[in-house]
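# Build me a model:
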Amino acid sequence: MSIYSADSNSKEVTKLISNDVNNFERFANTIPNLILAPFEVLAVVVVLWVYLGPVEFVIIVILVGLLGIQHWIDNYSKKYHHLVTGKSNARVSIIREIMQGIKFIKINGWEMPYAESISRVRR
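Okay, the predicted model is just below:
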């Protein structure tokens, strides 16, 4: 059990809420694009039909194929992002425990006895 668990729990809750608000804000900024996207696609298809004729469908098939590749790459990178995030969270947790231990030792004035025991073990 950690000495400062209430403080660290409030920090974690604040961090989670901040991440949720950032995600919501990012989504809210994309809503206009989601509404306008079908009209933009229709306009592009009409312009391509006027300039290129039936060849535009080959171009559209290529673009859809590229979207599939982009989706695969995105999923691949998300998998490794979650692995890296998990490892960094573990490192942060260990460092936090170490810092709390150092703080506890300093608060109680046990620096000299611990320094002596550490120097004995190092010899």
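
# any idea of the mean pLDDT in the longest helix along the chain?
Longest helix of the chain, by residue count under DSSP state H: helix 56-108. Averaged across helix 56-108, pLDDT comes to 86.

# what angle separates whichever helix or strand comes after it from helix 56-108?
Note on helix 56-108: by DSSP states H and E, the next helix or strand toward the C-terminus is helix 111-122. Counting by axes from the mean of the first three to the mean of the last three Cα atoms, to 10 degrees, helix 111-122 points 110 degrees away from the direction of helix 56-108.

# elements contacting helix 111-122?
Where contact means 3 or more Cβ pairs under 8 Å, 6 or more residues apart in numbering; DSSP states H and E, helix 111-122 is not packed against any helix or strand. Any C-beta I mention is one placed from the backbone N, CA and C, and that applies to glycine too.

# which of the residues in it are buried?
Using 16 or more other Cβ atoms under 10 Å as the test for burial, helix 111-122 gives no buried residues.

# Off-centre distance for it?
Taking the mean of its C-alpha atoms, helix 111-122 sits 40 Å from the chain's own mean (Cα atoms, centre = their mean, to the nearest Å).
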